[in-house]
Each structure stands twice: as structure tokens, then as C-alpha cells.
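Engineer: Sequence and predicted model, in that order:
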Amino acid sequence: MTKALIKSQSEVITNTWWFKQHDATVCMNGHVTCIFGHVVGLYVKRGCSKGSVEIELYRESGNLIITREIQVENNQSTWMLNKKHASQRAFVFYLVLQEKVGEFAKMSKIELLEATEKSVGPPEMYEFHCELKTYRSKERELENVCKEKANFLEKARQSNERNKLDVERYYMKKRHLDRIQMLEKKKPLVEYETARKELEGVKKEREEMKRKLKSLKEAQEPLLRKIRSVESQLQPIEHQMSWSTAGIKDASQKCKQKHDQLELRNNEVDDIRQDLSLKQTEEADRQKRIGHTQLMIKDLQKELQNMGSMEDVTPQIEAVNAELKNIQDEKAKLEGESLDLRRDKDEASGELHRNDMMKMKEDKLRVRFRDTYTALNWLRNNRDRFKGNVYDPMMLVINVRDARHAKYVESQIPANDLRAFVFQRQEDMEKFMTEVRDTQRLRVNSVIAPAESCSKRPPSRPLETLKRYGFFSYLRELFDAPEEVMSYLCHQYRVNDVPAGTEKTKSMIEMVIRELQLRVIYTAEEKYNVKKSNYSNSVVSSNSALRPSQFLTTTIDADERHQLEEQLRAAERKVQRCDQRMATVREQLTKLDRHDNELRAKKKKLSELKGKKRQLEQKISTKQDSLRQMEQNEINLQAIEEETNTKIAAVNNKKVAIMEEYLSHMQMKARMSMEKVYLALQSAGLSAEKTKLETDCRDSLAELKQAEVRESLDQIKTNLLAKCKTLMSRASAICKMMCNSLFYNIVCVVSFQAFGQLPNTLDEIDAMLNEEKTRAECFTGLSDAVVEEYNRRELEIKNMEKELDDKTNALRTNRQNIAEAKERWLNPLKQLVDQINERFSDFFRSMQCAGEVDLHSENEEEYDKYSIRIRVKFLSSTQLHELTPHHQSGGERSVSTMLYLMALQELNRCPFRVVDEINQGMDPVNERRVFDIVVRTACGVNTSQYFFITPKVGFVCVCVCVCVCVHNGPYMLPPNKWSEKAFIRRAKRGHNC
């Protein structure tokens, strides 16, 4: 079979070869990746180095033979036309494959428009569309740029308008700064002139002070010599006084140290005497305890002597013990007999009850669940193989307290769990299931109890709050079961939280469901399950009638019950006889108890006497030991006193030595203090003489100091001279004057003309300078950057206005291009879509359905949002709906896709068309309809030649159709061994049969 499409009569059909399952298919000029393989070498049979395909096409002037040879080694193809090499370029193909239909269904509406333009539109239509999208994208960019530049221009203008006032204030500040600069230039000149005048005055005053100072020094010289003589005598005395003061301080420090040592020795003597006092007190206490202990020993010995005259009670106690033992043996024998009789009665009663209930439950288990009964017998024989608790099936261990309530329990617990074994440990359950299920092939159930017991878990709300609705109990309180079984039922089926009600509950069931919001509710004869919707939060309830209990209640045969009752009556008569015998035994026991109590009282009294004597002997022994210990611990007070006196004498000797040193230091301190007093008296006399001399020359000294101060005018003169030079240099630098030059003279003239308008004194200059600085400081937040920014922004505004004009002109030109391109693209596209819609609608009308294709766009200017919208209607009762994966079924989408492709084929002229397995995903009715439409289209006049791969069976064959059967497979005869006549005869025989 061949799949091919010739774009024009002058073009050559090329082909590609591949294997698809058992069908060999040829696709002309198809790229390998758009079909099944990713390289061309994969389409050659495995094990072969190359493969070739040859196709011969009929033509009146001579047939065309097209050959394609595929090399596996380099994955390349060689194309030949009539045995001559040809190029693959410019050849196209048109396929309708199942894979392509799937790709078509995945397309969006926009992608469908672009694919339609490429496939059936003029070659320039898609280019115009792309050009329009490019123009539109450029238009959006230009609009954004123009908008941004206009906004920026407006902001720049507003910013400059705001800064205009700052610029004006900047220039005002600059004028004040210029005036400050002129004042600062004039100020050094005024300062220089003032300093120069001050220098002249200082020179005159200095000369006058020199003459006066000379005369004062000559008159002051004799008094000064006397004062210096007194000061020379005072200086050694002051040195000696300083040395004496240091010695006195050192002696005082040493005296303090010796005094502290004496205090320590006194404390040491006090400690020694205190130790002696403690020893004396301890010895007095010891003597007192010895006397007291001796008195106690005498009293105890006297009491013991009084008890020694009593006879030995040990034989009496032994006789009483022997009699008590006989009584106890008799009592034990009688009580054992009584217990045996009661045990016989209890066993008879229990056996009756067990035989009445358990036997019937086991019989039901054996009849209904034979495998479970077999496993139960095995468990009872092998229970010692398990580590934890293992319980019989729940139906055997659950005991319903009232048979009327068994239906509630059976309705809540499934039958599979009622016949399930309950295990406490996981490994025990696995061991059990391995034996009975895997080894013995028995069908049994088992469950594991929760690790944490849930049997005592409280209900979600107290029962008292439910009684007004007719509830009388929770299910857990209606039956008894072992701990692990009850824990499993509470955990799995919430029997602790499911209430059982009465007919009253049934009468107000709607209120119960609405107010209590319980998940499971039991009334007298019904079970209610309540659920809450996850979407609407609405409550949905369902009820079912309760079935009678099958496993937890039993009935018994009358004869068997009569036999068991006879056994029970016999056991009861036996118990009565035992009771009579026990009454006699109890009387004997009462007498024995009375005698026993008397003997025990006597024994107690004898034992107390014996014990009291033993206690007295032990006390006497203990006191004697204590007395010996106290006598051994005697203290030698005389030796201790002698030792104390020796220690005190040694300490006193040390105190004497310390006191001698203390007195020596005190004497030294007194001697040095006397010397200091003598020196102080001498210093006072000399100081008085010095004071008198200083008083005599104080007046002349004041005049001398004043003259010396005036003499410092030399320094003032020097400072003023240096200051004048500095001020002159500063003024020259500020005013930029250059001595001995023409420029200097010109600058001086101009400067003095400007300076003439300014104040001439320093105070006025400073006042005006401060005023100008204050005015300048008022202009805060201004700088040269503000003016520079203002000027720069003015230039940017001019450039931005020019750029905005250029972009606006470009936008206007682009819009003209859009209008022209839109006219070239949109009108042909609308005509093309109308043609597709006409054919598409015809195809749907032939199927008794409706469909249309239109060009859709929400915004005419958004050319990248234009799309082809397909709307279909398969039922007469519905409206046209857009073709989407969410609204139509898969079969309806397949039909719509196929008919749209058929509508496109009518617009694209080509000699060959291929249809392969387009029926995938369609229902039988639509599959037949589509196939008939395709066949009618293929059989039309002046249509292309169609190739159908795996077509619908049972189609009506017309004269223009040819059926070709491909015979292939490992058991097929070679073509050279075929017999057409034999095939025809075999077909005729089969037809006749």
C-alpha cells in the first residue's frame, strides 16, 4: 500500500518505508520523526545493511518509477526518479493517520488557525499573519515606549518646575556669599591697620617702663638679700622635720603591730582556759551518768530476782501448742470436706449452664463454618504454643446479658468478625494463620487486638443526655467479653459509642439525627446509618430492619434440657446433704474455736512472762556494758590542768617579749616627737623673721612686679610685629595684591573702590559679616548640584521631546503598515474560513447533525489571538457548542476532527490522499457515518485518488473502488507459488456452502 501526495504535476512523489506491527506501509516524503521512528535506519529490517522501496506510477506519456534506498550505517536515503538521482526537497505528503488526528485534537484554537493557514491557505497568508503579529507586537512596544517617554517628560518638567525656585534661591545665596567674601577680604586690612597703631603705642610704653624698673630694683636689693638668708636657714630645718615625721609614722606602725600580737596571745590564753573548762564539765557529766546507770542496774536486778521464783513455762507452752495443732488439723479436715461438697455443687451448676449454651454455639459453628470449627479444635489442643492470649471465635466468647439485645450486637459486628479468632500478639496470629490457612488449607479469619486497650474508652457523650430520646444503653454494656475482644470491638466498631434505643427513639428519629449527629443509631427494630455530604454538608440517613439473632442466642431440645435438669436436681440434693453435714461440722468448729481461743490466751500470757524475763536480762547486760564503757573513759583532770598551766606560761613569755619590743618603739616615737617640736620652734622663729622682712618690702615689691609686667611689653611688641606681618601677608593673599607691579596697582584701585562701600571698623565689619552669614545660612538644602541637575534636566527635556516625536512618527507609520497588512490577510482568510465552513456544515448535515466553523477574535487588533472556532451539535435537543475536550465525548471529537480534515482536503488539490485507521475512538454509528462520507467524497468526480488502510468492514463497493488484500506472515506462501485459480475455486466452494 502507498501513502502519497503530489503537490503539483511537475513534482516527483517520494516515499518512506516503515513496518507497523504486521503491516508494511509506505509514506511518501514523510519525516521519520513525525511517524514512528527517530532515524531512517530503523525502518530497515533488522540484520540488513540497507533497504529499498520502488513505486511505479502510471502516466500516459510513460510510467514514473520512484526508488528510495536507505543505508543503515549512516542513516541516509538516496532518491531516484526513473533510475536517475533526484532531490527530496519540494516534495510534500498529506496523511490522515490516527496519530495525526490525536495531534489535531490537542491543538488550541489559535494553533488550529495557524495550521489551517499553512496547509490550505495561500503561501503568503501565514506570512501576512506573522507579519501582522510582528507589527502588532512592535505597535505595543512603541505605544509603551511613547507612554513611558511622555510620562518621563512630564515628570521631568514637573521636577524642573519644582527646582526653579531652588535655583533662584541658590543665586540669592551666592550674592550673599560674594558679599561675605568681600568683607573677609577687607577685614585683614582693617585688622592690620589696628595692629600697627597698637604696636606704636606699645613701643612708647615699653621704653618708659624700662626706666622705672631699673630704679625699683636698686632700692629693693638689701631686703631681698636678708630674705634669701632666712630662707637658706629654714630649708635644712624643714628637711629635718620631714625626716622626723617619717620616723614617727614608722614607729607608730610598729607599735600597732605589737599591740595586735598581744591581742592574739590574750585570745590564745582564753581558748586554753575554755578547753580546760569543757573537760571539767565533761568529767562531771560522766560521773553523773555512772551513778544513774548503777541505780538502774540495781532496780533491774531486783525485778529479775523477783521473777526468778516463778516456775518454767516452756513445757506448758509446748503442751498448748500441741493441742492447738490437733484442733487446727480437725478444722482443716472439716473445711476441706465442705469445700469439696461446694465444688461438686458449683461444677454441676456450671456444667449445666455450659452444656446449655456453649454446646449449642459450638454446634452452630460446626454446621455453619466447618473450617473455623476445625481450627478451634486445633487451637484447644495446641494453646501452649502461643506466648500471648488467644481467644476462641467471638461468637463463642461474647455473652449477651439479655437475649433480646443480641440482635443489636450481631447487626453491629459483621459475621466474618464473629467467627474470627482474636490474638493479643502479632507473631501468634501469624503462626496460627500459617498453620491453619497455609498448612491445613482452612478458610478462617483472625484479628489482632489493639496494642493500647480501648475496652474502657468512654463514650463521646454521657448516656444521661441521651435518655430523653429513648436510648437505654450503649452496645458495650449489653454483653460481656474478654478484655482483648472488647478492646478490638470498641476500636473497630465503636460499640462504646453506639446507643440502643426504643420505640420512643423511632418516633422522634428526625430530631435525634438532627440534634445528636450520631453516625449509627439503633431503635427497637431498626438500624440507622447517618452520613454527611463532603460537598453540600447535607445529612443523608438510611435505615434497615434488624434481623433476628443467629449466633449469640440459642435454643435447646426439651428432652436434653429435662435430662440436664434431673442432673442438676441430683446435684442439689447432694449439696443439701453436704450442707447438713457442714452444719454439724460448723458446731464442732465453733467449740474447737472457743477452746482454741482459750489456749491461745493462755499461751500468750505464758509467752509474755517468758519474754519479759528475757528483756530484763538483756537490759541489765546492756546497762552493764554501758557502765564499763563510761568507767573506761575516765578523764585525768589533774594532768589536763598541769598541761593548761604550761601552755598559759609559754604564751605569757611570748607576751613579755612582745611588750618589751612595744615599749622600745614607744620610746623611740616619743624621742622623735620631741625633736620635731624643737625643730618646729626654730622654724617658727625664722618664719616670723621672714614674714617681717617681706612685710617691709611688700610695697616696693608690688611696684617692682608691676614694672616687670610692663617689661613684658617687649614680648607684646614682638607679637604685634609678627601679627602685623601675618595680617599683611593674609591681606595680600586675599586681595591678590602683587607688590611692585602694575597689576597690584590696578587691583588696589578696584578693591579700594569696592571696599569703600563697606564699613571701616572691625566691629561694623563683624556685625555685617555675621548678618550676611546668617542670611546665607537661611538658604539651607542648596548646592551646586541643584543648579547642575536643573540645567542637565533642561537638556534632557529637549532631547526627550525630539525622541518622543520620532517614536510617535514611527508608531504612525507602523499603524499604516498594520492596516495594509490586515487588508491583505483578513479578507482572504475570511473567504477561506467561509469555504471550510460550507463544506464542514454540508458534512454534518449529511449526518443529520449540525456544525459550523468561524473566525473568532475577542479583539480585532490582537492578531495573535485570532482563532478558528468549531461548534457542533449532535443532538437535535441541544444547541451548538464549541468543540472542547470537556463538553463533547471522545467519539464526537474524533468525528468532528475527521470531517474538518475532509473539509480541508477539498481546498487542497493533490492526486493522492491516504486515510489510515481514522476510526479509532468512534462509536459504531459515527464510525459508519464518517466512513460513508469519506467513501462518497473519494468516489466523486475530479477528486484525488484515495488509499484506505484497514477500512470499515461491510462497506458498499462501487465500480471505482478496488480492494487490495495484503498477505503477509511467516507461514505465507511465496508469491511465485500462488495459484489464482485455486484461490477462486476455494472461494466459490466456500460461498456455495
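Structural biologist: Here it is on my side, so go on.

Engineer: hey, let's count contacts and neighbours off CA atoms from now on
Structural biologist: Noted.

Engineer: got any ranges where the stretch 851-993 of the chain has weak pLDDT?
Structural biologist: Along the stretch 851-993 of the chain, segments meeting pLDDT under 70 span 909, 911, 917-921, 950-959, 967, 990-993.

Engineer: Helices of that one, start to end?
Structural biologist: For the stretch 851-993 of the chain, the helices defined by DSSP state H, counting those that start in this stretch occupy 890-905, 924-938, 980-992.

Engineer: Can you tell me which of those helices is packed in deepest?
Structural biologist: Comparing the helices of the stretch 851-993 of the chain by mean neighbour count (mean count of other CA atoms under 10 Å), helix 890-905 ranks first with a mean of 20.

Engineer: okay, the angle between that helix and helix 924-938?
Structural biologist: Counting by axes from the mean of the first three to the mean of the last three CA atoms, to 10 degrees, helix 890-905 lies at 10 degrees to helix 924-938.

Engineer: Summarise which helices and strands helix 890-905 is packed against.
Structural biologist: Packing contacts for helix 890-905, counted by 3 or more CA pairs under 8 Å, 6 or more residues apart in numbering; DSSP states H and E, involve helix 98-106, helix 109-120, helix 784-846, helix 924-938.

Engineer: Of the helices of the stretch 851-993 of the chain, which is nearest Asp766?
Structural biologist: Closest to Asp766 of those, according to CA to CA: helix 890-905, at 99.6 Å.

Engineer: just to revisit the earlier point, highest average neighbour count across the helices and strands packed on helix 890-905?
Structural biologist: Ranked by mean neighbour count under mean count of other CA under 10 Å, the helices and strands packed on helix 890-905 are led by helix 109-120, which reaches a mean of 18.

Engineer: Could you list the residues in contact with that one?
Structural biologist: Applying CA atoms under 8 Å, 6 or more residues apart in numbering, the contact partners of helix 109-120 are 104, 125-126, 864-869, 904-905, 907-908.

Engineer: Try it again at 6 Å.
Structural biologist: By CA atoms under 6 Å, 6 or more residues apart in numbering, the residues outside helix 109-120 that reach it are Tyr126, Ser867, Ile868, Asn908.

Engineer: Tell me the one of the residues you listed nearest Ala810?
Structural biologist: For the contacts of helix 109-120, the nearest to Ala810 is Tyr126 (24.7 Å; CA to CA).

Engineer: can you give me the angle the lengthiest helix in the chain makes with helix 784-846?
Structural biologist: If you go by DSSP state H, the chain has its longest helix at helix 123-307. Angle, helix 123-307 to helix 784-846, by the same axes, to 10 degrees: 100 degrees.

Engineer: what's the angle from helix 123-307 to helix 109-120?
Structural biologist: Using the same axes, to 10 degrees: helix 123-307 against helix 109-120 is 150 degrees.

Engineer: circling back: of all the helices of the stretch 851-993 of the chain, which lies closest to Gly47?
Structural biologist: The minimum distance between Gly47 and those falls on helix 980-992, with 33.0 Å, by CA to CA.

Engineer: just how off-centre is that closest one within its chain?
Structural biologist: In terms of CA atoms, centre = their mean, to the nearest Å, the centre of helix 980-992 is set 80 Å apart from its chain centre.

Engineer: Give the other helices and strands that that helix contacts.
Structural biologist: Packing partners of helix 980-992 (3 or more CA pairs under 6 Å, 6 or more residues apart in numbering; DSSP states H and E): none among the helices and strands.

Engineer: now could you export just the CA positions of it as CSV?
Structural biologist: Presented in CSV, the C-alpha positions along helix 980-992 are these (Å, rounded to 0.1, in the frame of the first residue of the first chain):
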residue,chain,number,x,y,z
GLU,A,980,-5.1,-17.7,-8.5
LYS,A,981,-7.4,-20.4,-10.0
ALA,A,982,-7.1,-22.5,-6.8
PHE,A,983,-8.0,-19.4,-4.7
ILE,A,984,-11.1,-18.7,-6.9
ARG,A,985,-12.3,-22.3,-6.7
ARG,A,986,-11.8,-22.4,-2.9
ALA,A,987,-13.7,-19.1,-2.6
LYS,A,988,-16.6,-20.4,-4.7
ARG,A,989,-16.9,-23.6,-2.7
GLY,A,990,-17.0,-21.6,0.5
HIS,A,991,-19.6,-19.3,-1.0
ASN,A,992,-21.8,-22.2,-2.1
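
Engineer: For the helices of the stretch 851-993 of the chain, give me JSON lines that also has distance to Glu820.
Structural biologist: Formatted as JSON lines, these follow (distance: least, CA to CA, whole Å):
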{"stretch": "helix 890-905", "distance to Glu820": "27"}
{"stretch": "helix 924-938", "distance to Glu820": "38"}
{"stretch": "helix 980-992", "distance to Glu820": "67"}
